[in-house]
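Visitor: Give me a model of this one.
(one chain, ligands or ions: 1)
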Amino acid sequence: KILILDFGSQVTQLIARRVREAHVYSEIHPFDVTIDFIRDFAPKAIILSGGPNSVYESDYQADPALFELGVPVLGICYGMQWMAQSLGGKVESGNVREFGYAEIRARGHSALFRDIQDKTNDQGHGLLDVWMSHGDKVTAVPEGFKVIASNDSCPIAAIADEDRKFYAVQFHPEVTHTKQGTAMINRFVLEIAGAAPSWVMKDYIETAVARIREQVGSDEVILGLSGGVDSSVAAALIHRAIGDQLTCVFVDHGLLRYKEAEQVMEMFAGNLGVKVIHVNAAEDFMKHLEGVSDPEQKRKIIGREFVEVFQQESAKLPSAKWLAQGTIYPDVIESAGSKTKKAHTIKSHHNVGGLPDTLKLQLLEPLRELFKDEVRELGVALGLPPHMVYRHPFPGPGLGVRILGEVKSEFVGLLQRADAIFIEELRNFGWYDKTSQAFAVFLPVKSVGVMGDGRTYDYVVALRAVVTSDFMTAHWAELPYELLGRVSNRIINEVRGINRVVYDVSGKPPATIEWE
Ligand code: XMP
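Guide: Residues are numbered from 1 along each chain as shown. As a prediction, this is how the structure comes out:
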């Protein structure tokens, strides 16, 4: 196993992720763990993360005795600077902060870079595109070390003491911008440190289960199940760990997809045998939404009601000491980032599951260090059906923001059925997995149509399908006409009350993915 010492970088988790991708087990611990802890941990190698401080003026100092354990060490950014300083080199403030892409020349035949390159220059040296983000730099190399990469602005971009297997890089191999980053981390972990690539998701479950058991002991835990991927996987994992000590509260606001509530109950209460309290609060929500047509207002009401219902239900479980949440790593980074930068609110993303701390419960967040794709992989390994785990994202306020204007139960029924047809046909045509998100939107306007011999005067449904990697920008999906035609025919024939179907061909920006 690999020990990652965290000096406070925003991307330390990415190092862990890269090591997991190499199928090696790793743990992240704070930089100031004791040398006894490190010895007991018995790491195959140690990776020192980046961090926001300056080594020569900060108390972010690990115990340099770790260099005497005979274990390979890889220092990244601050980790490199701390390594250099601790072993007798010198670190100074650079005149300018370097931030962004850089090209470095890999020198000599270091085990870390051998045969790893993006291109070669005229002299046959390997060139690497890397991601830099630093103010300080190493200006004198410790004894026993050689410079193994450099460029003009950073003459000491990587160093190595090949005998002791100490390596350090000023750039960030853990971020995807460093194209060969994965190759370098694989090289260090698998070849230089000789760790066995034997760690799989099954092992992750065992570790996570043990950790949850240790954390909660014999306490009871409650979890707000929404039907979404994250809360579902969290529920399955925690249930695996503590069985009936877990109670899930499924607040059904009546704005879910077609038959989704039934599916959630069947899956969790039925197949997995999880204790689930199904709160059918549809009427309540509908009552509070009456007469409200402003999107932000609707979001606020749905969010507030959700919390209220959840609190009422959890008050009925006074012995619960823990609140479990399906927080995943991107949520952690986002909320850390939002403290420093204020983004303009386009939509107040209420996420069902975001609960206030008035519940006086301790937080249990077993997915906190995983990325979405890892959460999905974990879900499948826990026995959740792939079609559920690989489902498109669904907003917390659900159909509440897909029925434009005032939400009425009549509209909910129409939209659910139209949406189900769209999704079913997307799957039939093999397009579901080619789109990132697809759904139907209900437009509360009536248009004239003709059906058989009669005139109709009914509502319109818009289809929306987008392709995106980050949901910040998106392209509308170029769905085949045949598919669109089939969906339109089916909706108009099968959903009485809809007589017109349109396809949304707007990108984001300037449009957003949802219509509200
Ligand atoms: P927009 O419409 O802002 O959507 O382009 C980007 C992504 O966010 C989802 N979304 C929400 N998710 N609560 C959520 O949990 C919300 O209020 C909300 N509004 C939009 C949307 O489905 C898309 O995936």
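Visitor: Got the phi and psi for the residue of the chain most remote from its centre?
Guide: Relative to the mean C-alpha coordinate of the chain, counting by CA atoms, centre = their mean, the farthest residue is Asp453 (52.9 Å). Per-residue torsions, Asp453: phi -100, psi 0 (degrees, to the nearest 10).
Visitor: Make 59 the starting number, not 1.
Guide: Yep, numbering from 59; the last one is Asp511 now.
Visitor: pLDDT score assigned to it?
Guide: Note on Asp511: pLDDT of 86.
Visitor: now swap in Pro414 and tell me
Guide: Taking Pro414 on its own, its pLDDT is 58.
Visitor: Am I right that Pro231 is in contact with Cys135?
Guide: No - using CB atoms under 8 Å, Pro231 makes no contact with Cys135, being 9.8 Å away. To be clear about C-beta, it is placed using only N, CA and C from the backbone, and glycine gets the same treatment.
Visitor: any idea how far the residue lying closest to Lys566 once chain neighbours are set aside lies from Thr570?
Guide: In space, and not counting its chain neighbours, Lys566 is closest to Ala532: 4.2 Å by CB to CB, 6 or more residues apart in numbering. Separation of Ala532 from Thr570 (CB to CB, to the nearest Å) stands at 9 Å.
Visitor: Show me which of these two is the more surrounded one.
Guide: Ranked by neighbour count (other CB atoms under 10 Å), Ala532 and Thr570 place Ala532 first, with 22 against 14.
Visitor: average pLDDT for stretch 455-473?
Guide: 97.
Visitor: In it, which residues are buried?
Guide: 455-463, 465, 469-470, 472-473 (16 or more other CB atoms under 10 Å).
Visitor: Contacts for that stretch, please.
Guide: For stretch 455-473, contacts defined as CB atoms under 8 Å, 6 or more residues apart in numbering pick out 311-315, 340, 343-344, 347-351, 353, 356-357, 360-361, 408, 410, 453, 474, 477, 497-502, 517, 519, 553, 555-556, 572-574.
Visitor: Select only the buried ones of those in ChimeraX?
Guide: Buried residues among the contacts of stretch 455-473 (16+ other CB under 10 Å), as a ChimeraX selection:
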select :311,312,313,314,315,340,343,344,347,350,353,356,357,360,361,408,410,453,474,477,497,498,499,500,501,517,519,553,556,572,573,574
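Visitor: So which of the contacts of stretch 455-473 belong to strands?
Guide: Mapping the contacts of stretch 455-473 onto strands (DSSP state E) picks out 497-502, 517, 519, 556.
Visitor: okay if I get these as a markdown table plus distance to Gly252?
Guide: Shown next, in a markdown table, are the ones in strands among the contacts of stretch 455-473 (distance: CB to CB, whole Å):
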| residue | distance to Gly252 |
| --- | --- |
| Phe497 | 49 |
| Ala498 | 54 |
| Val499 | 55 |
| Phe500 | 59 |
| Leu501 | 62 |
| Pro502 | 65 |
| Tyr517 | 65 |
| Val519 | 59 |
| Ile556 | 63 |
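Visitor: So which of these is the closest to the ligand?
Guide: Phe497 (8.0 Å; CB to the nearest ligand atom).
Visitor: Show the pLDDT at that closest one.
Guide: We have a pLDDT of 98 for Phe497.
Visitor: Check His408 too.
Guide: Confidence at His408, expressed as pLDDT, is 47.
Visitor: now swap in His402 and tell me
Guide: pLDDT for His402: 47.
Visitor: now Val69
Guide: pLDDT, Val69: 87.
Visitor: Repeat that for Ala241.
Guide: Per the predicted model, pLDDT is 96 at Ala241.
Visitor: Ala266 and Ala299 touch, don't they?
Guide: Yes - counting by CB under 8 Å, Ala299 is a contact partner of Ala266 at 7.4 Å.
Visitor: Quick check: closest non-adjacent residue to the residue in the stretch 159-308 of the chain positioned nearest to the ligand.
Guide: With CB to the nearest ligand atom as the measure, Gly286 is the residue of the stretch 159-308 of the chain nearest to the ligand, at 8.4 Å. Sequence neighbours aside, Phe452 is the residue nearest to Gly286 in space, at 6.3 Å (criterion: CB to CB, 6+ apart).
Visitor: Can you name the residues that contact that neighbour?
Guide: 285-286, 314-315.
Visitor: Just want the phi and psi numbers for it.
Guide: Residue torsions, per degrees, to the nearest 10, at Phe452 are phi -130, psi 130.
Visitor: Nothing else from me, thank you.
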